[in-house]
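Engineer: how would this look folded up:
(one chain, ligands or ions: 1)
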Amino acid sequence: MSTVSSAGPPLPHGDGAAVALAAERRWAIVVGVIIAAIVAMMIVTGLHWSAMPPSRVETVDVRTLHLAGEFVESNLGSTIEADGRAVVRLIAQQYSFEPPCIVVPAGMPVTFRATSTDAIHGFVVGTTNANTMLVPGFVATFTTTFPRAGEHLMPCHEYCGTGHEAMWARVQVLPRDEFVARARTAPRISCVAR
Ligand code: CUA
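Structural biologist: Numbers count the residues shown, from 1 in each chain. Below is the predicted model:
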């Protein structure tokens, strides 16, 4: 009977040491494969994106966007353009969206055009695929269709400072006819009383 006692687990020796060594080697191989896969993914996506850059990069001057041009306050909100497209223009700033309540139509494509006046922000509309980053100096744009009417929360999803968690807007998806009727009543509509 053994009389040896120790505070820690018994040190491996003999067969135990060989088993431990084999386990370490297995893990080293698994970790090595994971690292190789991640590096390969970075190389492939890097080459892919440099070979196929985004189709358009649109810039805007953050120093003047509140004074003139597309993103002045009176031009923010939703509208139906002359060509019939529904377009929403908004800006993000520490720590709010303007307009803070956005109306969009259900069942027809709607194009978002947005930018930031200060830090990097972003937004996602509820659980829909309407999701973008907002980088100062650049216009983010995407087109999506909301399948049904309803309300969504639209939080900022890029950490932008101490007020980040309180930065969000509301999105009202109106039935298409209601949206079109309202859009005819004013050049820019939102669900905020002005
Ligand atoms: Cu704006 Cu986080």
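
Engineer: past the helix or strand containing residue 17, which element shows up next along the chain?
Structural biologist: Element membership of residue 17 [criterion: DSSP states H and E] is helix 15-51. The C-terminal neighbour of helix 15-51 among helices and strands, as given by DSSP H and E, is strand 77-80.

Engineer: what's that following strand packed up against?
Structural biologist: strand 86-93, strand 101-105, helix 176-185 (3 or more CB pairs under 8 Å, 6 or more residues apart in numbering; DSSP states H and E). (Glycine included, C-beta is placed from N, CA and C.)

Engineer: so for the spatially most central residue of the chain, what's the pLDDT?
Structural biologist: Centroid-nearest residue in the chain, with CA atoms, centre = their mean: residue 132, separated by 3.9 Å. Predicted confidence (pLDDT) for residue 132: 92.

Engineer: show the contacting residues for it.
Structural biologist: By CB atoms under 8 Å, 6 or more residues apart in numbering, the residues touching residue 132 are 112, 114, 122-123, 140, 142.

Engineer: which of those lies closest to the ligand?
Structural biologist: residue 122 (7.1 Å; CB to the nearest ligand atom).

Engineer: mind listing what the closest one touches?
Structural biologist: For residue 122, counting by CB under 8 Å, 6+ apart, the contacting residues are 92, 131-134, 156-158.

Engineer: got the residues of this protein near the ligand?
Structural biologist: Contacts of the chain with the ligand, taken as CB under 6 Å from any ligand atom, map to 92, 95, 121, 156, 158-160, 164, 167.

Engineer: most neighbours out of these, which is it?
Structural biologist: Within these, neighbour counts (other CB atoms under 10 Å) peak at residue 121, which reaches 30 neighbours.

Engineer: what bridges to the nearest residue to that one once chain neighbours are set aside?
Structural biologist: In space, and not counting its chain neighbours, residue 121 is closest to residue 92: 3.8 Å by CB to CB, 6 or more residues apart in numbering. Counting by DSSP bridges, residue 92 forms beta bridges with residue 97, residue 116.

Engineer: where does this structure have low pLDDT?
Structural biologist: Along the chain, the model assigns pLDDT under 70 to residues 1-13, 49-55, 193-194.
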